[in-house]
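Q: dropping the sequence and predicted coords here.
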Amino acid sequence: MKINPGHPSPQLALAIDRFNTFMTQDLFGGSKSIKMAWVINLHKILTPFVIFGLMIIFSNNSKEAWIYLSLHSSYCLCWLMKHNAFRDKKWEVKITAGGAIFTFILLATYWTAPFMLISRPQLLSVSNGYLFLCISLHTIGTMIMMTADCQKYFTMKYRQGLITEGIYRYSRHPNYLGEMMIYASYALLAQHWLPWVILAYWWSTVFLVNMLIVEGSISRHPGWDAYRERTGFLLPKIFSQRMFKRSQIQEL
């Protein structure tokens, strides 16, 4: 049986991934006795306390601050529930103490958004329509992320290969799409440019790199070219989906 070599990942993406792996898993060397998941979960557990602490320190009791606390805290709870129900094996990797410290500092940059929002109590209140946008973006993003990770976990538990059904029928990386929507809602609530700079770093050097490497890996599976043609990298290809449905009907 001839094995499909697939499409290799871009060399730049592989180089950035090697650097990210060294900094988060091997920094300063030594024994690897700490799970990456422990560091991530610690950050999720601390996040609601950090946000509430900022509200106390800056005496910010605004509705925007409380809404931010509710959104980010509920997301952290969803993440912890997801970890216990259908955890991602890649976070079970063991890392060095230096890697754990660097990873936590990197994750702490996500606290920039609540700091910029809560530390400026003089900030004018946003409109109800603006809050509607932020809450809706966060809610839909959480649904997409949880659904995608759940489907991926249980599908790969029983079979290997491409996942082309369910939410993966429309987007090749719906889990990352959901994450980006979630953190975009936080940046919108913060009403400052700095959280967007932080997100630009994460989305370009971590999210995009991971997605490109995943595509290089799964492109060896049969049906990849057709799947890539009818789906979007992140956002769905509406026109391609309609053509795909028509071809299915014609085949029947």
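A: That came through fine.

Q: so what's the residue count around Pro13?
A: Pro isn't right for residue 13; it's Ala. 19 (other CB atoms under 10 Å). Quick note: C-beta positions are derived from backbone N, CA and C, even for glycine.

Q: test my guess that it contacts Ser217.
A: No: applying CB atoms under 8 Å, one finds Ala13 not in contact with Ser217, separated by 11.6 Å.

Q: please name every helix or strand in contact with the longest helix belonging to the chain.
A: Scanning the chain for the longest helix, with DSSP state H as the assignment, gives helix 128-158. The helices and strands touching helix 128-158, judged by 3 or more CB pairs under 8 Å, 6 or more residues apart in numbering; DSSP states H and E, are helix 63-86, helix 174-190.

Q: tell me which of the ones you listed sits nearest to Met116.
A: Nearest of those to Met116, taken as CB to CB: helix 174-190 at 4.5 Å.

Q: so how far is the closest one from its chain's centroid?
A: 8 Å (CA atoms, centre = their mean, to the nearest Å).

Q: helices or strands next to it in the packing?
A: Secondary elements touching helix 174-190 (3+ CB pairs under 8 Å, 6+ apart): helix 63-86, helix 112-118, helix 128-158, helix 193-202.

Q: and that helix with helix 128-158, angle?
A: Taking axes from the mean of the first three to the mean of the last three CA atoms, to 10 degrees, helix 174-190 and helix 128-158 form an angle of 160 degrees between their directions.

Q: which ones are touching Asn210?
A: Counting by CB atoms under 8 Å, 6 or more residues apart in numbering, Asn210 touches Asp17, Tyr176.

Q: gap between it and Ile57?
A: The gap separating Asn210 from Ile57 is 35 Å, by CB to CB, to the nearest Å.

Q: could you do Ile213 as well?
A: 40 Å.

Q: who's more crowded, those two?
A: Per other CB under 10 Å, whichever of Ile213 and Ile57 has more neighbours is Ile213, with 16 against 11.

Q: what about the stretch 1-150 of the chain, any weak spots by pLDDT?
A: 1-6, 122-124 (pLDDT under 70).

Q: what's the most buried one of the helices and strands packed on helix 128-158?
A: Stretch with highest mean neighbour count among these: helix 174-190 (a mean of 22; mean count of other CB atoms under 10 Å).

Q: residues contacting the residue nearest to Ala187 when sequence neighbours are not counted?
A: What sits nearest to Ala187 in space, not counting adjacent residues and going by CB to CB, 6 or more residues apart in numbering, is Pro195, at 4.0 Å. Contact partners of Pro195, counting by CB under 8 Å, 6+ apart, are Thr112, Ala113, Met116, Tyr186, Ala187.

Q: distance of the third one relative to Gly166?
A: This points to Met116. Counting by CB to CB, the gap from Met116 to Gly166 is 37 Å.

Q: between the two, which one's more packed in?
A: A direct count of neighbours by other CB under 10 Å for Met116 and Gly166 places Met116 higher, at 19 against 14.

Q: what's the closest non-adjacent residue to that one?
A: His192 (4.1 Å).

Q: list the contacts of the one you found.
A: Ala113, Met116, Leu117, Arg120.

Q: still on that earlier bit, can you put the helices and strands packed on helix 128-158 in JSON lines and add distance to Val93?
A: What follows is the helices and strands packed on helix 128-158, written out as JSON lines (distance: least, CB to CB, whole Å):
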{"stretch": "helix 63-86", "distance to Val93": "14"}
{"stretch": "helix 174-190", "distance to Val93": "18"}
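
Q: nearest to Phe28, out of those?
A: That would be helix 63-86 among those, by CB to CB, at 26.4 Å.

Q: find the nearest non-adjacent residue to Tyr227, please.
A: Thr164 (5.3 Å).

Q: mind telling me what element that neighbour is part of?
A: Following DSSP states H and E, one finds Thr164 outside all helices and strands.
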